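Colleague: I need the structure of the sequence given here:
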Amino acid sequence: MKLLATMLDVYTPPFVRRQAVRALVQSTAAALEVDPPALGGMSADALLRRYAEFSASQVAAQIEGGRDMAAVEQRLYEAAVALGRRFGGPFRIRSMKDMQTVGRVLYRMLGIDFESDERGEVIIRRCFFSQAYSAQVCQVMSAMDRGLFAGLSGGGQLEFSGRITEGQCCCRARFTLQGDPPVV
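Modeller: Numbers count the residues shown, from 1 in each chain. This is a model prediction of the structure:
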């Protein structure tokens, strides 16, 4: 795990980033039960912008359309669990530290500044999506964050206590591995 993660932490080739964002687009579109946007010939940055616009507009439309948002969040969560398993597979994640390293690499590809500590405290000081998402859309899309980390860790839980889109200076969350006692 360490060599591959260290290499990607230092430098992520553009084709790896493009593949990751394309997978994210496909999974999100399937979970939202809509067709994915056209992505042909786009750079990684352009793909990320297209994804942010697409996911923001689709989730907003579903909220406004009166969809069952609990069901939408569940589908997003399940899609992201599958992505977490897929992305985490090559890294052979065995510990909280491994999971946090892989999470940081994946989030950096998405323009998210992810920091965490050994207790599972997570701080996101900068998030690309905070420019495109309303607080309501962000809350729904955070099901993807929860699912990704559950997939990477084999069932852990990520719980947000604050978000940039809610006017906070940063996003705050706590991650617990399956079976960890909650911190009071």
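Colleague: quick one: the helices in the protein?
Modeller: 2-10, 14-32, 44-64, 69-88, 96-109, 135-153 (DSSP state H).
Colleague: do you know which of these lies nearest residue 128?
Modeller: helix 44-64 (6.5 Å; C-beta to C-beta). (Glycine included, C-beta is placed from N, CA and C.)
Colleague: quick check: angle from the closest one to helix 69-88?
Modeller: Computed with axes from the mean of the first three to the mean of the last three C-alpha atoms, to 10 degrees, the direction of helix 44-64 lies at 160 degrees from that of helix 69-88.
Colleague: for helix 44-64, packing partners?
Modeller: The elements that helix 44-64 packs onto, with contact taken as 3 or more C-beta pairs under 8 Å, 6 or more residues apart in numbering; DSSP states H and E, are helix 14-32, helix 69-88, helix 135-153.
Colleague: who wins for proximity to residue 162 among these?
Modeller: Of these, nearest to residue 162 by C-beta to C-beta is helix 135-153, at 10.9 Å.
Colleague: elements contacting that closest one?
Modeller: Judged by 3+ C-beta pairs under 8 Å, 6+ apart, helix 135-153 is in contact with helix 44-64, helix 69-88, helix 96-109, strand 157-162, strand 171-176.
Colleague: ok so, going back, how about the helices and strands packed on helix 44-64 in TSV, adding distance to residue 176?
Modeller: Listed next are the helices and strands packed on helix 44-64 as TSV, based on distance: least, C-beta to C-beta, whole Å:
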stretch	distance to residue 176
helix 14-32	24
helix 69-88	15
helix 135-153	9
